[in-house]
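*Asks:* just a sequence and a predicted model for now, questions to come.
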Amino acid sequence: MINTTLQELLPLAITAAQAASLEILNVYHSGDFKTEAKGDQSPLTQADKRAHAIITSLLQSAQLPVLSEEGRDIPYHERKAWEYFWMVDPLDGTKEFVKRNGEFTVNIALIHQQQPMLGVVMVPVSGDLFYASQGTGAFVKRNNQIIPLPVRKPIDLTQPGIRVVASRSHMSDETQAFIHSLYEPHLVSQGSSLKFMLLAEGKADVYPRFAPTMEWDTAAAHAIANEAGIAVLQKDNHQPLQYNKPDLLNPYFICK
């Protein structure tokens with residue numbers, strides 16, 4: 001698969017994310033979420049299901065496998081042979097959706113050899129559309145204007161006033177210890193993969209995530225971060241997050 005093919009797949013991922021956003025908004029404005037509890041007690045709504053259905057339907061034309069949070073559990077022995085595949089979170093931030101605070105997204109990524117090659121993060125409520133593909137830069141489409149996201153220089157975490165992204169729903173003791181190690185830090189809160197987008201837009205400096213996430217939570221945003229000059233590194237070995245592992249749980253990581 002060459003870059004021209006990536007450029008063909010990016011519009012498909014964007015179309016799927018936009019269609020899913022419309023489905024999500026229909027449920028969001030109806031107020032009838034039909035919320036259930038999944039096996040891990042995280043919420044599942046009618047919006048998650050409808051977004052998953054339309055995304056998988058539209059992505060079929062690419063004839064690539066799809067690994068979705070709301071899809072079937074695909075064993076590693078089956079998916080380890082995949083050269084390229086879609087990694088999808090149809091509704092990232094279901095807790096934020098249920099709270100009706102608007103801080104939830106649709107995440108679609110293309111994975112190749114354990115790394116994200118392209119990513120789309122759509123924000124249904126605001127209409128903001130973030131996207132990137134390898135080697136072509138990162139962009140946000142906002143109010144019908146396409147804005148390139150500048151490539152960021154490395155951040156010096158020893159300087160005062162570092163802007164730290166912290167989750168409202170998942171603040172761990174390790175995260176608090178990291179924040180306390182900084183000099184006069186400023187906290188910025190945001191839900192879902194929008195935390196990554198704060199860094200990509202230059203509105204925050206570092207995002208420590210020392211709490212559980214799954215691969216579909218980070219893949220699309222990781223692709224955008226890469227093109228914006230932002231590293232998404234495992235906490236313990238400082239290597240980039242990897243995808244399509246036997247266990248789809250991410251290790252703790254720092255985005256900076």
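*Replies:* Thanks, I have the structure now. Numbering: from 1, shown residues only.
*Asks:* next up, the contacts around Asp236.
*Replies:* With contact set as CB atoms under 8 Å, 6 or more residues apart in numbering, Asp236 has these partners: 251-252. The way it works is simple: take the backbone N, C-alpha and C, and place the C-beta from them, glycine included.
*Asks:* now with 10 Å?
*Replies:* Applying CB atoms under 10 Å, 6 or more residues apart in numbering, we find Asp236 in contact with 251-253.
*Asks:* now swap in Gly93 and tell me
*Replies:* 99, 101-107, 123, 167, 169, 190-195, 217.
*Asks:* buried by neighbour count, from those residues: which ones?
*Replies:* Buried members of those, scored by 16 or more other CB atoms under 10 Å, are 103-107, 123, 167, 190-195, 217.
*Asks:* please enumerate the helices of the stretch 151-256 of the chain.
*Replies:* 173-180, 194-200, 215-227 (DSSP state H, counting those that start in this stretch).
*Asks:* Ala47 is nearest to which of these?
*Replies:* helix 215-227 (15.8 Å; CB to CB).
*Asks:* how about the CA coordinates for the closest one, as CSV?
*Replies:* This file holds the C-alpha atoms of helix 215-227, laid out as CSV (Å, rounded to 0.1, in the frame of the first residue of the first chain):
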residue,chain,number,x,y,z
GLU,A,215,-5.9,0.5,21.7
TRP,A,216,-9.1,1.9,20.0
ASP,A,217,-9.1,4.8,22.5
THR,A,218,-5.7,6.1,21.2
ALA,A,219,-5.0,4.9,17.7
ALA,A,220,-6.7,7.6,15.6
ALA,A,221,-5.4,10.4,17.9
HIS,A,222,-1.9,8.9,17.8
ALA,A,223,-1.8,9.2,14.0
ILE,A,224,-2.8,12.9,14.3
ALA,A,225,-0.3,13.5,17.1
ASN,A,226,2.5,11.9,15.0
GLU,A,227,1.9,14.4,12.2
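*Asks:* what mean pLDDT does that helix have?
*Replies:* In this model, helix 215-227 has an average pLDDT of 98.
*Asks:* Phe139 bridge partners, please.
*Replies:* Tyr131, Pro148 (DSSP bridges).
*Asks:* next, format the buried ones among the contacts of Gly93 as a markdown table and append distance to Leu6.
*Replies:* Output for the buried ones among the contacts of Gly93, formatted as a markdown table (distance: CB to CB, whole Å):
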| residue | distance to Leu6 |
| --- | --- |
| Glu103 | 29 |
| Phe104 | 26 |
| Thr105 | 21 |
| Val106 | 19 |
| Asn107 | 17 |
| Val123 | 23 |
| Ser167 | 31 |
| Gln190 | 28 |
| Gly191 | 29 |
| Ser192 | 25 |
| Ser193 | 20 |
| Leu194 | 24 |
| Lys195 | 25 |
| Asp217 | 22 |
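*Asks:* all set now, cheers.
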